[in-house]
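Student: the following block contains a protein sequence and its predicted model.
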Amino acid sequence: MSPIIIATRGSALALAQSNAVLASCRKKFPKLAFELKIIKTTGDKLQTAPPDAAAALATRALFTKELETALLEEKADFAVHSLKDLPTELPAGLKLAGVAGEREDVRDVLIYRIDKLLTSKMTLAEFPPGLVVATGSARRQTQLLAARPDFETIPIRGNVPTRLQKLLDQTNLDATILAAAGLSRLGMKITSTGHLEAPGIVGELGVFVFEPEVMLPCVGQGAIGLEIRENDERTAEICQKLDHVDTFQCVVAERAFLEAMGGGCQTPIGAYACLSGNRIHLRAVAHLTKNVQRGEAKGARKNAVALGQKVAALVRGGKK
């Protein structure tokens, strides 16, 4: 029997996630053979493109298109994605089959250089005015400036290690914002003293963790999505065994909210669903105008899609 092919991007984070999925597959299905297939996406190529190409990164599909093509052409059996990168509208013939394992920490973190003005374990209010924060996310930028309008934000590109090195090397930068989940999967650690331990990164960095009340995460942040062909029953059964049901139900609600809002990668929208007893609690934020729109509601697990649509209506000013 031919091996089951797992498609993945080649970035350090993507490989860390895919190797974890591969290990889980081999443990749960010892009689089956699995192999990783590394595919370079258009988004990966544009990470190092000239600045005038940055606008092309405005669509999430640039990080998933080539993996999905491999699925449709039956050159791979399933694809592993950072779920936050997977568009809510998938190509015909493909579907989200589940999430691999329990969701990581969904929170965003502010990584900053420690110097005479910035020390470890600072609160958000203790940072000096005029702090220059690098982020390529409109969602992070708008929520950060809502909490600290005296900060300055500038764009940044590159993978996690690249951004950390830019922060240390470029004197015009004070801080950047990253996902806690990505740091953890790359073997980086936030210490009890508020420092970041990052293998291969030379320099002293502090960490401030944003709670969801201040900065709601990206839809699907911290979850690993498994995408397959709709008619592939064998792979669907494998993904079902890998799936973490509680996490999947929550991200389904978040993705339904995003789809109802018509949000894209650069649309400043955040959402976070978690279980509250036997119900899903979904909170969301959107910065579609100069004003901040927020909404939240609870619903039954089986009604995750309807819950996402309900919160979208609340955020857009609809009736409950």
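Tutor: Looks like it came in fine.

Student: now the nearest residue to residue 38 once chain neighbours are set aside: how far from residue 80?
Tutor: Nearest residue to residue 38 in three dimensions, chain neighbours excluded: residue 10, at 4.5 Å (C-beta to C-beta, 6 or more residues apart in numbering). Where C-beta positions appear, they are placed from N, C-alpha and C, glycine not excepted. Here residue 10 is placed at a distance of 12 Å from residue 80 (C-beta to C-beta, to the nearest Å).

Student: neighbour count winner among these two?
Tutor: Comparing residue 10 with residue 80 by other C-beta atoms under 10 Å, the one with more neighbours is residue 80, at 26 against 13.

Student: which SS class is the nearest residue to that one once chain neighbours are set aside?
Tutor: Closest residue in space to residue 80, ignoring its immediate chain neighbours: residue 18 at 4.5 Å, by C-beta to C-beta, 6+ apart. Using DSSP: H, G, I helix; E, B strand; the rest coil, the structure places residue 18 in helix.

Student: any idea how many residues pack against residue 18?
Tutor: If you count neighbours by other C-beta under 10 Å, residue 18 ends up with 23.

Student: dump the residue contacts of it.
Tutor: Shown in contact with residue 18 (C-beta atoms under 8 Å, 6 or more residues apart in numbering): 6, 8, 36, 80.

Student: beta-bridge partners for the first one, please?
Tutor: Listed by DSSP bridges, the beta-bridge partners for residue 6 are residue 36, residue 78.

Student: count of residues packed around it?
Tutor: Neighbours of residue 6 using other C-beta under 10 Å come to 23.

Student: hang on, isn't it packed against residue 81?
Tutor: No - checked against C-beta atoms under 8 Å, the pair residue 6 and residue 81 is beyond contact range at 11.2 Å.

Student: would you list every one of the strands in the stretch 51-200 of the chain?
Tutor: For the stretch 51-200 of the chain, the strands defined by DSSP state E, counting those that start in this stretch cover 78-82, 94-99, 108-113, 132-134, 152-154, 175-179, 189-190, 196-197.

Student: just list what the second one packs against, helices and strands only.
Tutor: Judged by 3 or more C-beta pairs under 8 Å, 6 or more residues apart in numbering; DSSP states H and E, the packing partners of strand 94-99 are helix 65-72, strand 224-229, helix 233-242, helix 245-261.

Student: residue 88 is nearest to which of the strands of the stretch 51-200 of the chain?
Tutor: Judged by C-beta to C-beta, the one of those that comes nearest to residue 88 is strand 94-99, at 9.3 Å.

Student: so what's residue 93 up against?
Tutor: 72, 229, 230, 231.

Student: need phi/psi at it.
Tutor: Dihedral angles of residue 93 (phi, psi; degrees, to the nearest 10) stand at phi 100, psi 0.

Student: and the gap between it and residue 227?
Tutor: 11 Å.

Student: ok so, going back, residue 203 is nearest to which of the strands of the stretch 51-200 of the chain?
Tutor: strand 108-113 (7.0 Å).

Student: send me the closest one as PDB with only the CA atoms.
Tutor: C-alpha atoms of strand 108-113 as PDB (Å, rounded to 0.1, in the frame of the first residue of the first chain):
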ATOM      1  CA  ASP A 108      -1.000  37.400  21.200                       C
ATOM      2  CA  VAL A 109       2.100  38.700  22.900                       C
ATOM      3  CA  LEU A 110       4.100  41.900  22.600                       C
ATOM      4  CA  ILE A 111       7.800  41.100  22.300                       C
ATOM      5  CA  TYR A 112      10.100  44.000  23.100                       C
ATOM      6  CA  ARG A 113      13.700  44.900  23.500                       C
END
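
Student: that strand pairs with which strands, and in what direction?
Tutor: Note on strand 108-113: by DSSP bridges, its sheet partners are strand 175-179 (antiparallel), strand 205-209 (antiparallel).

Student: what about the closest residue in space to residue 256 that isn't next to it in sequence, helix or strand, and which?
Tutor: Leaving aside its sequence neighbours, residue 256 sits nearest to residue 308 (C-beta to C-beta, 6+ apart; 2.7 Å). For residue 308, the host element (DSSP states H and E) is helix 304-315.

Student: just the residues contacting that helix, thanks.
Tutor: 249-250, 252-261, 271, 273, 280, 282-286, 293-300, 318-320.

Student: which among those count as buried?
Tutor: Neighbour counting by 16 or more other C-beta atoms under 10 Å classes 249-250, 252-261, 271, 273, 280, 282-286, 293, 295-297, 299 among the contacts of helix 304-315 as buried.

Student: in the stretch 151-300 of the chain, where is pLDDT below threshold?
Tutor: By pLDDT under 70, the low-scoring segments of the stretch 151-300 of the chain are 263-267.
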